[in-house]
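**Student:** quick one, what's the 3D model for this:
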Amino acid sequence: MLLRAENLTVERGGRAIVDGVDLRVGRGELVGLIGPNGAGKTTLLKALIGVTAASGAVFLRDSPLEKLSANERARRVAFLPQDHEIAWPVKVREVVALGRQPWRQGSCFGDYARGQIIAEAMARMGVEGFAERTADTLSGGERARVLIARALAQMTPLLIADEPVAGLDPAHQIGLMEVFVSLLREGRSVLVSLHDLGLAARWCTRLIMMDGGGVVADGPPAAVLTPENLRRVYGIEAYFGKADGGPVIMPTRLSPK
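**Tutor:** This next block holds a predicted model:
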């Protein structure tokens, strides 16, 4: 098990933002974390990596999170936050190279292998063409792809990404989900928060639906994205269909009050 959380709770002002969440991510899974705004998704992801204080327990590959150094955590899980800002005029190649930082001490990767990993991460996200440009000259979508490449270069067994498709055009959204699927073939796993239910249904192997700080459904996409759950959690009706052998879900209207 790459990630396990037990009774994870985050409180603010006497209110539980994340309330008693149990969660597991195994090897070779693409797990989508879904739910309406304010459901607690971002807070949960930050608690899972120790950025946000929480009660309960988190284990990375069976090691308690609090007993791992920052470097040890960074070798086990890469985190991609919502914020795509890069506040300094550093070259794109150098931004991506930061993903190798946890491996600099006592690394089994030499300089050549390190360069290959960085180049491959950039190629996967299609950013190799502006490797020598500075990050402050990029568009928002381009910066997002660079930061995803940095997370890929970290080469961790688990990648946690908070709304990584935000700001990407449809082609790059699909391309990113294809990259995530390719990680599964390498024995790696991804936990990703998504607002696009169509992407979640089509690409994820499992979905975790949150509402009000808790998990209300966990299972295969078809078992989680039911008309009943969409009405109860999102207050919407949706079209369900198939295209190119995969599911299609498209919200159509608000549910009647």
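**Student:** helices of this structure, start to end?
**Tutor:** For the chain, the helices defined by DSSP state H cover 41-48, 70-76, 92-97, 111-124, 140-153, 170-185, 197-203, 221-224, 227-229.
**Student:** is it possible to export those helices to TSV including mean neighbour count and mean pLDDT?
**Tutor:** Bear in mind the C-beta positions are built from the backbone N, C-alpha and C, glycine included. Formatted as TSV, these follow (neighbours: other Cβ atoms under 10 Å; pLDDT from 0 to 100):
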stretch	mean neighbour count	mean pLDDT
helix 41-48	23	98
helix 70-76	15	95
helix 92-97	22	95
helix 111-124	16	87
helix 140-153	23	94
helix 170-185	16	96
helix 197-203	22	97
helix 221-224	16	97
helix 227-229	12	98
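**Student:** tabulate those (TSV), appending distance to M250.
**Tutor:** TSV is the format used below for these (distance: least, Cβ to Cβ, whole Å):
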stretch	distance to M250
helix 41-48	21
helix 70-76	37
helix 92-97	35
helix 111-124	28
helix 140-153	23
helix 170-185	14
helix 197-203	6
helix 221-224	14
helix 227-229	13
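**Student:** ok, which of those comes nearest R133?
**Tutor:** Nearest of the helices of the chain to R133, taken as Cβ to Cβ: helix 92-97 at 5.6 Å.
**Student:** and of the helices of the chain, who's closest to F130?
**Tutor:** Judging the helices of the chain by Cβ to Cβ, what sits closest to F130 is helix 92-97, at 5.6 Å.
**Student:** who are the packing partners of the closest one?
**Tutor:** Contacts defined by 3 or more Cβ pairs under 8 Å, 6 or more residues apart in numbering; DSSP states H and E place helix 92-97 against helix 111-124, helix 140-153.
**Student:** packing partners of the last one?
**Tutor:** With contacts defined as 3+ Cβ pairs under 8 Å, 6+ apart, the packing partners of helix 140-153 are strand 77-80, helix 92-97, helix 111-124, strand 158-162, helix 170-185.
**Student:** mind checking the helices and strands packed on helix 92-97 for the one nearest to I17?
**Tutor:** Relative to I17, the nearest member of the helices and strands packed on helix 92-97 by Cβ to Cβ is helix 140-153, separated by 24.5 Å.
**Student:** got a list of contacts for the closest one?
**Tutor:** Residues from elsewhere that reach helix 140-153, judged by Cβ atoms under 8 Å, 6 or more residues apart in numbering: 78-80, 84-86, 92, 95-100, 117-118, 120-122, 124-127, 130, 135, 138, 159, 161, 164, 166-169, 172, 176, 179, 183.
**Student:** hey, what's the residue positioned nearest the centre of the chain bridged with?
**Tutor:** Ranked by distance to the mean C-alpha position of the chain (Cα atoms, centre = their mean), the top residue is A161 at 2.0 Å. For A161, the beta-bridge partners under DSSP bridges are L80, V192.
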